[in-house]
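> Provide a 3D model corresponding to the input given below.
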Amino acid sequence: MKALRAFLTLSLGLIVAGIGYAQPTLLKEGIPADVSPEVRAEIERLYSQDPKERATGANNLGQMRDKAAPAVPFLATLLHDRTMVLGEPFTPALHGGKGSPGWEAARALLRIGKPAVEALTTALQDNDQFVRRKAMRALARMGGVRPVEPLVGALTDADWDVRRFAAWGLGQMKAITAVETLAAAMQDADAHVRQNVAGALGKIKDTRGVPALIPALKDEDHRTRRWAAWALGQMEDTRAVEPLIAILQDKASELRPSAALALGQIGDARAVEPLITALRDQDELVRRSAAGALGQIGDVRSFSPLQAALQDQDPYVRSFAARGLGKMGDPRAVEALIPLLDEENEYLRETAAEALAKMPDPRAVEPLIALLEDESVQTRQQAASALGEMRDARAVAPLIAVLSDRDEYTVQHVAWALGKIGDPRALQPLRAIATGKPGSRATAAAQALAQIGDPSGLDLLFTALREADLYSRSSAASALGRVGDPRAVEPLVEALRDEYHNLRAGAARALGQIGDPRAVEPLIAALGDKSDNVQSSAAKALGQIRDPRAVEPLISLLNDEDYYWVPARAAEALGNMGDVRALAPLAAALQSKYITVRTNAAAALGKIRDSRVVEPMIGALSDNFACVRAAAVRSLRTITGQNIPEEAAKWQEWAGERLLTKATGGEPRLPTGGCSTRCGPGIAPPRRAPGTAPRMPPRQSPQECTPTGRALPQDIAV
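Next up is the predicted model:
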C-alpha cells in the first residue's frame, strides 16, 4: 500500500510539475526592445518552470488583445505545452479544451486576433495533432479576420477534431468558396465531421450542397441526419421535398420532426397533405413540427386541420396551430382561439393573443381585457397589443388601469394601444406619464398623446429629440415616425445631422414613414453618410417617398461593395419607385456578389413590370441560392402573367416560343439588348451561346438572405 501511495504521489507530482513542459523555443533575448513593460513582463512569465505561471502569462496577454501582438511568436511556440493546469480560469479553455499553458496560448492568440492569423495558420502544418487542434479552434472562432484557404485545406487533415472545427469555422464564415470542398467532406469517415459539414452547408445556404445533403438523410449517424435535414430546410431547395416527404411518412424514422420543419421552411405545396397527415401522428414532436410547418406554408387546405389541432392534448401543438391560423387571418378561427386565452400554459395564452391581434373581432375583446391581469409579463404585453389592434372603446378603462404596471415594457405596449384606440379618456393619465421620469414609457405616452391629437405630445417628442439621452432621442425619432405628423419633418431633418449615427438612422426611417417631399434632398445627402446604417435607412426612406429626384442617387448605390445592406436597400427602394431608369442597373445587380442584393434586385424588377428584363431574370433562375430564384420566378410571373414553375429550362422554352412567334409575324418579340431604341437605354442582358442556360458568376463573401425569423440551432463543434 505504501509503495502504491508513493507511486501515485510521484505520478501526480510529475503531472503537476510538467510532463509535456515546453518553454517558448525563442530565446528571451529575442523579446523586442520596444515592447511595453506590461507585455514584456507577461512574455517573460511564459518561461517560468511553473505551468500555472506560464498559463497565467498567456491568459494575461490574451486579455490585452491586439496590444499583445509582439507576443504572438512566443505564444505560438507555447502551443506545444500540454501540461495540465487545474483551477480557474484554466478549465475549460477554448471551446472545451483542457486547461494547459498550450490551450491558454491558443485562447490568447484568438483574442489578439488579426496579428495572430499567420502564426496560427503556420501551426496548422505542425506534426503534433494537438498543436493543430489548438490552432484550428482559435482560427475557427476568430471572426472576419480568418482566412478561408487554411480552413479549406484542413478539411483533409489527419485529425478528426481539426477537420470538424475547420468545417464549423467555414460555416461561421459563410464561406461560399468552400461549398464544393464541404460537399465532398460529407463523405468523411467521422460522424462529428459530417455533422459540422452539414451544419456549415446549411449556414452558407448555397444549393450546390443539396446533392451531398440528400443522401445524408440516410446517414448511419442520427445527428448527421438531423443536421442534413436542417441544412436542406435552410437552402429551401425544392429538390429536397420528395426525400423529406418520404422520411416524414416513414413511421420508423426518428428524423420525422426535422423533416417536417425543413418542409415548412421550403414551403412547397406538395408537402401540405403529408404534413396534414402528420398532425395526427402519435409522436407529439412530429405534431408540433407539422403544425409549425403548415403555419409557415400558409396553404388554405391546412385551415381546418390546424383548427382541429387546437384541441390537441399537447399545448405546444395547440400554440403552433394558433400561430399558423393567425398568419392566415381567417376570422372563422376566432371562436376556436378565444378559449386558448384561459389555458394554463402561458406560452399558449400569449400565442393565442398574438393570433387574435391579426383578425380583430369584437368577440375577443372581453377575454383579452381579462388577460391584462395575467401573471406573465409577455402575455400582458401581447394582450395590450391585441386590444390596440381591435380599437374597441371597451378596452380603454382597463388599459388605463394597467398604466401603473411595474414593468416598463408593459406600460409601453399599453400606451401604444391607447394611442391606436384614440379615446380622449386616456389623455390625462398619459400626460402624467409623458411628463414624468424620462424613458421608454414617457416616450410611448407622448407618442400616444400625439396620435390622439393632443399637441403636447408632439412638443414633448420634439424636446426629447433635442435634449434627452441618446436612447430617448432615438426612441423619440421612432415615435415621430409612427405618429406621421408633417410638423415633425424639420426637427427630424435637423436630427439627420446629429453626431450619433443611431439617431441619424432613426430620423431617416421616421422621415420615410411620414413621406413628406421636403425630406427628399436631405435624405439624398444622407446617402453619402459614413454610416452604412444611415445610408440604408435613407435609401429605404426615399423608396417610401417615391420622389423621382432620388432615382439616380439610388442607382449609384447599387455598386457599393463595402456594405451589402446599402445596395440591397437601394434595390428595394428602386423597385418601390417603379422608374424605368432603374431597369438596366437592377438587371446588372442580378450579378452582384451579395445574395440579398440579387434577391432584392429580382423582386424590384418584378415591381417595375417591364418585359425587357425577362431574359436576365430567367438567368437568375440558375442562381445557387433559393431566395434569389424564388424572387426571380415571382417577378417573372408578375411580368409575363405565366404560371411556369421555377425551372430555367421551361422559362427558356417559353421565351423561345415567343421569339419564334415574332419571326413568323406573330406577337412582338421580347427585346434582348441595348441594340435599338425599342430595347430602351442600356438594357443589355448577359450574352450566351444559343440554347445554353445563362451561367451565374462565382459568388464571394455572401451575406444572409432577408431574415425570416428562423432561429439557427446551437452550434455543433463543442
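
> settle this for me: R581 is touching E552, isn't it.
Yes. The criterion here is CB atoms under 8 Å, and R581 meets it with E552 at 7.3 Å. Any C-beta I mention is one placed from the backbone N, CA and C, and that applies to glycine too.

> who has more neighbours out of the two?
R581 (18 against 13; other CB atoms under 10 Å).

> nearest residue to that one in space, please, no chain neighbours.
Residue nearest to R581 in three dimensions, not counting chain neighbours: V551, with 5.3 Å by CB to CB, 6 or more residues apart in numbering.

> got the contact list for I214?
Counting by CB atoms under 8 Å, 6 or more residues apart in numbering, I214 touches A228, L232, R239, A240, P243.

> check which helix or strand covers it.
Applying DSSP states H and E as the criterion places I214 in helix 210-216.

> next helix or strand past that helix?
Next helix or strand after helix 210-216 toward the C-terminus (DSSP H and E): helix 222-235.

> I'd like the next helix or strand past that following helix.
According to DSSP H and E, the helix or strand after helix 222-235 is helix 241-248.

> which helices and strands does that next one pack with?
The criterion is 3 or more CB pairs under 8 Å, 6 or more residues apart in numbering; DSSP states H and E, and the helices and strands that helix 241-248 contacts are helix 222-235, helix 256-266, helix 272-278.

> that helix: which residues count as buried?
V241, P243, L244, I245, I247, L248 (16 or more other CB atoms under 10 Å).

> let's have the residues you listed in JSON lines, adding pLDDT and distance to I43.
Output for these, formatted as JSON lines (pLDDT from 0 to 100; distance: CB to CB, whole Å):
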{"residue": "V241", "pLDDT": "97", "distance to I43": "58"}
{"residue": "P243", "pLDDT": "97", "distance to I43": "56"}
{"residue": "L244", "pLDDT": "97", "distance to I43": "55"}
{"residue": "I245", "pLDDT": "97", "distance to I43": "61"}
{"residue": "I247", "pLDDT": "95", "distance to I43": "56"}
{"residue": "L248", "pLDDT": "95", "distance to I43": "59"}
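
> need the residues you listed in a markdown table (columns: distance to A260).
As requested, the buried residues of helix 241-248 are arranged in a markdown table below (distance: CB to CB, whole Å):
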| residue | distance to A260 |
| --- | --- |
| V241 | 12 |
| P243 | 13 |
| L244 | 8 |
| I245 | 10 |
| I247 | 9 |
| L248 | 6 |
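
> for the closest residue to I608 other than its chain neighbours, phi and psi?
Excluding the flanking residues, the one nearest I608 by CB to CB, 6+ apart is G578, at 5.3 Å. Note on G578: backbone dihedrals following degrees, to the nearest 10 are phi 70, psi 30.

> OK, contacts around G578?
Applying CB under 8 Å, 6+ apart to G578 gives the contacts R546, K607, I608, R609.

> wait, isn't the last one in contact with T640?
Okay, so that is R609. No. Under the criterion of CB under 8 Å, R609 makes no contact with T640, lying 9.6 Å away.

> if you count surrounding residues, which of those two has more?
T640 (18 against 13).

> against I644, how distant is N559?
Counting by CB to CB, to the nearest Å, the gap from N559 to I644 is 31 Å.

> picking that back up, go through the helix holding I214 and flag the buried ones.
With burial defined by 16+ other CB under 10 Å, the residues of helix 210-216 counted as buried are V210, A212, L213, I214, A216.

> show me the contacts for the first one.
It refers to V210. L232, M235, D237, R239, A240.

> buried ones among those residues?
Here, 16+ other CB under 10 Å leaves L232, M235, D237, A240 buried among the contacts of V210.

> now for A401: which residues touch it?
By CB under 8 Å, 6+ apart, the contact set of A401 is L372.

> element containing it?
helix 396-402.

> what sits up against stretch 363-373?
Residues outside stretch 363-373 that contact it (CB under 8 Å, 6+ apart) are 334-335, 337-338, 341-342, 349, 353, 356, 379-380, 382-384, 386-387, 390, 392, 394-395, 398-399, 401-402.

> ugh, typo on my part, it should be stretch 34-47
For stretch 34-47, contacts defined as CB under 8 Å, 6+ apart pick out 23-24, 28, 31, 53-54, 56-58, 60-61, 64, 67-68, 70-71, 74-75, 78, 101.

> same question, stretch 492-512
Contacts of stretch 492-512 (CB under 8 Å, 6+ apart): 465, 470, 473-474, 477-478, 480-481, 488-489, 514, 518-519, 522-523, 525-526, 529-531, 533-534, 536-538, 540-545.

> M136 contacts A166, doesn't it?
Yes. Counting by CB under 8 Å, M136 touches A166, with 6.0 Å between them.

> which one (most neighbours) among the contacts of G578?
Highest neighbour count within the contacts of G578, by other CB under 10 Å: I608, with 22 neighbours.

> just to check, D299 is in contact with V272?
Yes. At 4.6 Å, D299 counts as touching V272 under the criterion of CB under 8 Å.

> if you count surrounding residues, which of the two has more?
V272 (20 against 16).

> any idea how far L263 is from that one?
Noted for V272: a distance of 9 Å to L263, by CB to CB.

> kindly report the same for T156.
Taking CB to CB as the measure, T156 falls 34 Å from L263.

> have a look at the two and say which one is more surrounded.
Comparing T156 with L263 by other CB under 10 Å, the one with more neighbours is L263, at 31 against 13.

> next, count neighbours for the spatially closest residue to that one that is not a sequence neighbour.
Nearest in space to L263, with sequence neighbours left out and distances taken as CB to CB, 6+ apart, is A271 at 4.0 Å. Per other CB under 10 Å, the neighbour tally for A271 reads 27.

> tell me the contacts of A271?
Residues near A271 by CB under 8 Å, 6+ apart: V241, L244, I245, L248, L263, G264, A293, I297.

> so how far is C627 from the first one?
For V241, the distance to C627 under the criterion CB to CB works out to 16 Å.

> show me the shaky parts of the chain.
Where the chain drops to pLDDT under 70, the residues are 1-25, 86-98, 659-718.

> which residue ranges make up each domain of it?
By the record's domain assignment, the chain is partitioned as 1-146, 588-718 (automatic domain parsing).

> distance of the residue nearest to R581 relative to L605?
Taking CB to CB, one finds V551 at 15 Å from L605.

> looking at the two, which is more packed in?
Neighbour totals were compared for V551 and L605, and L605 leads with 31 against 20 (other CB under 10 Å).

> just the element for that one, please.
helix 595-608.

> so which of the contacts of stretch 492-512 belong to strands?
Among the contacts of stretch 492-512, DSSP state E puts none in strands.

> buried among those residues? Need that as a selection in PyMOL.
Provided next is the PyMOL selection string for whichever of those are buried by 16+ other CB under 10 Å:
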select buried, resi 465+473+474+477+478+480+481+488+489+514+519+522+523+526+529+531+533+534+536+537+538+540+541+542+543+544+545
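
> so which of the contacts of stretch 492-512 are in helices?
In this view, the contacts of stretch 492-512 that belong to helices under DSSP state H are 465, 470, 473-474, 477-478, 480-481, 489, 514, 522-523, 525-526, 533-534, 536-538, 540-545.
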